[in-house]
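Q: Let me see the structure of the following:
(one chain, ligands or ions: 1)
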Amino acid sequence: MADTTASTADSHGGHHGHPADPSKRDLLELMAGAGAAIFGAGIAWSVVSSMNPAKDVLALSSVEVDLAPIQEGQGIVVSWQGKPIFVRHRTKEEIKAAQDVKPSELNDPATDASRVKAGHEKWLVLTGICTHLGCIPLGNKPADLRGEWGGYFCPCHGSQYDTSGRIRKGPAPTNLPVPPYAFESDSKIKIG
Ligand code: FES
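A: Model prediction:
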């Protein structure tokens with residue numbers, strides 16, 4: 001019964017019965033579809049690339065990530081509390097580029113040292129949600145656009161983040177947040 005009702009409602013909705021509504025509704029549907037596609041791509045990449053699903057991936061409070069399989073220059077996406085978390089093994093060049101920036105040059109001033117763990121500077125861990133309107137930036141797949149600063153690029157409105165996840169250009173107001181996490185060993189972190 002419920003299914004029949006729902007499909008009937010859908011088919012009515014597809015007839016554009018209200019001249020004032022269709023354009024707005026179609027735009028919303030388009031936006032929802034685009035968001036789902038982007039998020040879906042991120043999840044698929046994390047499954048293919050990480051190959052090390054965390055033991056407690058279903059737990060809401062924390063997620064362990066084995067860093068050993070992540071090669072230098074490679075980034076993966078894991079899910080924590082429903083959010084995409086970017087984990088990147090930075091190259092020496094990426095680390096140096098991040099450290100060489102003067103915070104005074106930045107819209108959201110922060111040293112690289114304040115965004116990574118001392119002694120583990122090669123690991124960058126970020127909440128992968130653009131601080132503009134919440135898209136998931138590109139930058140984890142090898143072929144992804146990463147912007148002029150070589151970090152992350154948000155295709156929605158062109159925000160560019162550097163190799164420390166700091167906003168450098170575009171409408172995003174603040175840096176990609178660093179989620180709470182800790183090293184359990186040199187090759188394992190616990191997020192949350
Ligand atoms: S949501 Fe990222 S630039 Fe607008």
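Q: Checking my notes, residue 96 in a helix, right?
A: Yes - counting by DSSP: H, G, I helix; E, B strand; the rest coil, one finds residue 96 located in a helix.
Q: Relative to the ligand, how far out is it?
A: In this view, residue 96 and the ligand are 26 Å apart by CB to the nearest ligand atom, to the nearest Å. C-beta: built from backbone N, CA, C; applies to glycine.
Q: same thing with residue 177?
A: Per CB to the nearest ligand atom, residue 177 is found 14 Å from the ligand.
Q: That residue: neighbour count?
A: When neighbours are defined as other CB atoms under 10 Å, residue 177 has 14 of them.
Q: and the nearest residue to it once chain neighbours are set aside, bridged to which residues?
A: Using CB to CB, 6 or more residues apart in numbering and skipping the chain neighbours, the partner closest in space to residue 177 is residue 127 (4.4 Å). The partner list for residue 127 in beta bridges (DSSP bridges) reads residue 85.
Q: do residue 161 as well
A: residue 152, residue 167.
Q: ok, how many other residues are close to the closest residue to residue 97 other than its chain neighbours?
A: Leaving aside its chain neighbours, residue 97 sits nearest to residue 163 (5.3 Å; criterion: CB to CB, 6+ apart). Neighbour count of residue 163, defined by other CB under 10 Å: 24.
Q: The ligand contacts on this structure?
A: For the chain, the contact set with the ligand under CB under 6 Å from any ligand atom comprises 130, 132-135, 154, 156-159, 170-172.
Q: which one of those residues has the most neighbours?
A: Most surrounded of these: other CB under 10 Å gives residue 154, at 29 neighbours.
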